[in-house]
Each structure stands twice: as structure tokens, then as C-alpha cells.
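*Asks:* curious how this folds, go ahead:
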Amino acid sequence: MRQELSLLQRFADMFLKDVNLGVILMNTDFQLIDISDTACRVLGLQREHVLHKPMDYVFKDLPAEHRIVDPRILDGMVVRNQAVSWTNNQERYELLVDSNVLRDEQGQVVGACIMFKDVTNLRSLEEQVQRSDRLAMIGQIAAGTAHEIRNPLTSIKGFLQVFRKTFQEQGMIRESDYTDVMLREINRINELVNEFLLLSKPKNATYEEVDVSQVVRELLPIINNEAILHKVTVQYEAVYGLPRVIADREHLKQVFLNICKNGIEAMGDGGFLTIAEKMDPEERRVSVDIHDTGPGIPMYVIDKIFDPFFTTKAEGTGLGLSVCQRIIHDIGGHIRVSSKGFGTTFTVSIPFP
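*Replies:* Presented below is the predicted three-dimensional model:
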């Protein structure tokens, strides 16, 4: 009997330390009795600081509706495969949560157990497949109609340019201004058609070895100029000797510039935009974190920002981030976003050979 208890104790210790599950144990006083290493990593907790503390203390900085642990668990509430989004600093996790009460030999409740599995990669892959299907369908439609749209636009633009020249020669300033407005709108339509075509697949892509740090440094003057207009300070954190990635240089510039401009515009007047390079030798990936100190992205919006035509801007097309995601996915990378209501971080991750 003693040997069996020892074996069970060893298993419990191993389960909490080595198994890739988040585990939280609490007693009937709603105090945290033990917590696994995985739970500490995902939730951003330090084991020695939270053991034997009330759960209200452990999650004191969060409103009740955003806490993983519900006091009703001790009343017998059972949770099975509940999907929960959790943001820890700049990392966002998708979790599947289970919970149940623990009873003694007499059937009395002596505590509760909460277990969760990190399914971020699975959810990300599922969303990537769904978005890729939607983007491919939109791209096919765009590719088929772009030619038909551009032909009449070219004729209209040509005649408007003739009219403008005639108006200017005859001193008809108001009519000339009207043609300028129409020509600008035609150019906007042409840009929209180009973005449609990029949704299908980036054209004329030249894949080669690219130094990500060099790409970012080439963009810094443009990003700084945009930031000055919005009174934003740009901070660049470089990593020396990043491995080269296989990508199209111009398309990478488009991705980083688009995300940086979005962050700058989101902050309004004032704030900090941080561009930080990272390398993960185990996953063989180079990453660039782009963090702004803006108001953040609401949870009900954050899952839609990569969807085609979804935008929160008055004059946005909702295609910018969709195009960025397609470009990065085509080179085997991914873009992730996390936001805690104050500031947003986009992480562009690209594999290296």
C-alpha cells in the first residue's frame, strides 16, 4: 500500500512538472494548492509567488469574466473543452479548458482541478486554411475581372487627362479641379484592383536569400517620416547576425511597412512603436515583433482583422492585412497578433533554411 502511494505521488509530481498540460489544484477555500510548470508559463505566473494564495489574489489584475478559474467549480460546475483566449504580455494563447471537483472516500468535495491544453498552433493552422480558401476564391474572381475593369478605366483616364489639359489651357480652374478629383478616384480603383490580384498570389515574386535586418533598416526612414507626422517615437531593437530567409524582398517591405503604418495610425498623436528582431534556433525561425502603445484591439475584433474586406478605418479597403498574411504564408511563415486592451503586437515569423 505504501509503495502504491509512493508511486502515485511520483506520478503526480511528474504530471505537474513534465506533462505539457496546464494544471491548477485548489482547495475548498479557493486557494491555489499546486500548479504545473506549463500553467505558470502560459499564465505568466511564478510558482513560488502564488502557492497557497487565494485565487482572487492570483488573478487580481483581471476582471472576473476573464479569469480561467470560476468559483462555481467548487459547487460542482463541470467544464469540458471550453475554448478560452488568453494573452500573457505579448503572447496570445488559445486554450481548451476542463475542470472538475475532487472528492474524498465519503464523496465530500475537498477541492477542484482545472486542466488546459495549449491549442494555439492547431487553431492557427485551422484559421490559416480557412482564410487561404477564402483568399484563393477572391483572388480567382479578381484575376478574372481585373482585365475587364482596367480596360474601361484606361479609356476614361485618358479622356479625363485630355479634358484637364483643355480646361487648364482655357483657364477653367474649377473644371480642371473636378477632373483632378476624378483622376485620383480612378487611381484608387486601380490600386484596389492590384490588391485583389495580390490576394490570388503575389505576382512576379523573386525568391532569394534576404537579410531581414537590412529590409527593416531600409524601411526605417519611411517609417520615421510617418511617425513624425503622428508624433510617434520609433524604437528599433536589432539582432546581430540573423540568418537569411528565403523571400521576396519587396513583398517583405510591403508587409512590414503596412503593419508599422497601421500601428502608427492606431496611436493617433503620440506613443511608441517598437520594432524588435528575434531568432528561435530551435524552431529555425526569424521573427519581427511590431508593438504599438495604442488603445489595443478588442477581443471581438481581433479574430477578424485578417479577413478580406474587414476594416475599422473609414476609408480602408480591408485588404492590407489579408495581403500581408498571404505573402508570409506563401514563404512558410505566419503572422500573429496579441492585444491586452493597451497596445498591440504583431509578430511576423519566417523560417530560415
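*Asks:* where does the stretch 51-200 of the chain dip in pLDDT?
*Replies:* Segments of the stretch 51-200 of the chain classed as low confidence (criterion: pLDDT under 70) are 61-67, 89-91, 121-147, 195-200.
*Asks:* with adjacent residues omitted, what lies nearest to Phe163?
*Replies:* Spatial nearest neighbour of Phe163, excluding adjacent residues (CB to CB, 6 or more residues apart in numbering): Thr179 at 5.4 Å. Quick note: C-beta positions are derived from backbone N, CA and C, even for glycine.
*Asks:* check which helices and strands whichever strand or helix holds that neighbour sits against.
*Replies:* Secondary structure assigned from DSSP states H and E places Thr179 in helix 173-200. Secondary-structure packing of helix 173-200 (3 or more CB pairs under 8 Å, 6 or more residues apart in numbering; DSSP states H and E): helix 120-169, helix 320-329.
*Asks:* that older thread, now do the same contact list for the residue nearest to Phe163.
*Replies:* For Thr179, the residues meeting the contact criterion (CB atoms under 8 Å, 6 or more residues apart in numbering) are Leu160, Gln161, Phe163, Arg164, Phe167.
*Asks:* and the buried ones among those residues, selectable in PyMOL?
*Replies:* This is the PyMOL syntax for the buried subset of the contacts of Thr179, where burial follows 16 or more other CB atoms under 10 Å:
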select buried, resi 160+163+164+167
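*Asks:* contacting residues around the strand ranked longest in the chain?
*Replies:* With residue count as the measure and DSSP state E as the assignment, the chain has strand 91-103 as its longest strand. The set of residues external to strand 91-103 that reach it, using CB under 8 Å, 6+ apart, is 22, 25, 42, 68-70, 73-74, 76-87, 109-120, 122-124, 336-339.
*Asks:* distance of Ile275 relative to His230?
*Replies:* Spatial separation of Ile275 from His230 under the definition CB to CB, to the nearest Å is 16 Å.
*Asks:* so for those two, which residue has more residues nearby?
*Replies:* Residue environment comparison for Ile275 versus His230 gives the larger neighbour count to Ile275, 21 against 16, counting by other CB atoms under 10 Å.
*Asks:* ok so the more buried one is a helix residue?
*Replies:* No. According to DSSP: H, G, I helix; E, B strand; the rest coil, Ile275 belongs to no helix; its state is strand.
*Asks:* need the three-state assignment for the nearest residue to it once chain neighbours are set aside.
*Replies:* Nearest in space to Ile275, with sequence neighbours left out and distances taken as CB to CB, 6+ apart, is Tyr236 at 5.0 Å. Secondary structure assignment for Tyr236 (three-state DSSP): strand.
*Asks:* need the pLDDT of Tyr236.
*Replies:* According to the predicted model, the pLDDT of Tyr236 comes to 92.
*Asks:* surely it and Leu220 touch.
*Replies:* Yes. The pair Tyr236 and Leu220 qualifies as a contact (CB atoms under 8 Å) at a distance of 6.4 Å.
*Asks:* do I have it right that Thr344 meets Val301?
*Replies:* No. Using CB under 8 Å, Thr344 makes no contact with Val301, being 10.8 Å away.
*Asks:* ok, these two, which is more surrounded?
*Replies:* Relative neighbour count places Thr344 above the other of Thr344 and Val301, with 25 against 12, counting by other CB under 10 Å.
*Asks:* what bridges to that one?
*Replies:* Beta-bridge pairing for Thr344 (DSSP bridges): Asp292, Ser339.
*Asks:* how about Tyr93?
*Replies:* As for beta bridges, Tyr93 partners with Trp86 under DSSP bridges.
*Asks:* what about it, neighbour count?
*Replies:* Under the neighbour criterion other CB under 10 Å, Tyr93 is assigned a count of 19.
*Asks:* likewise Ala238?
*Replies:* If you count neighbours by other CB under 10 Å, Ala238 ends up with 11.
*Asks:* how near is it to Val245?
*Replies:* If you go by CB to CB, the gap between Ala238 and Val245 works out to 16 Å.
*Asks:* same check, this time on Phe116
*Replies:* Taking CB to CB as the measure, Phe116 and Val245 are separated by 33 Å.
*Asks:* ok, these two, which is more surrounded?
*Replies:* Under the neighbour definition other CB under 10 Å, Phe116 and Val245 were set side by side, and Phe116 has more, 25 against 22.
*Asks:* touching, the more buried one and Arg80? I think so.
*Replies:* No. Here Phe116 lies out of contact with Arg80, judged by CB under 8 Å, at a distance of 11.8 Å.
*Asks:* name the SS class of Ser287, please.
*Replies:* strand.
*Asks:* can you report how many residues neighbour it?
*Replies:* Other residues near Ser287 number 20, with proximity taken as other CB under 10 Å.
*Asks:* how about Arg92?
*Replies:* Each residue near Arg92 was counted by other CB under 10 Å, and the total is 19.
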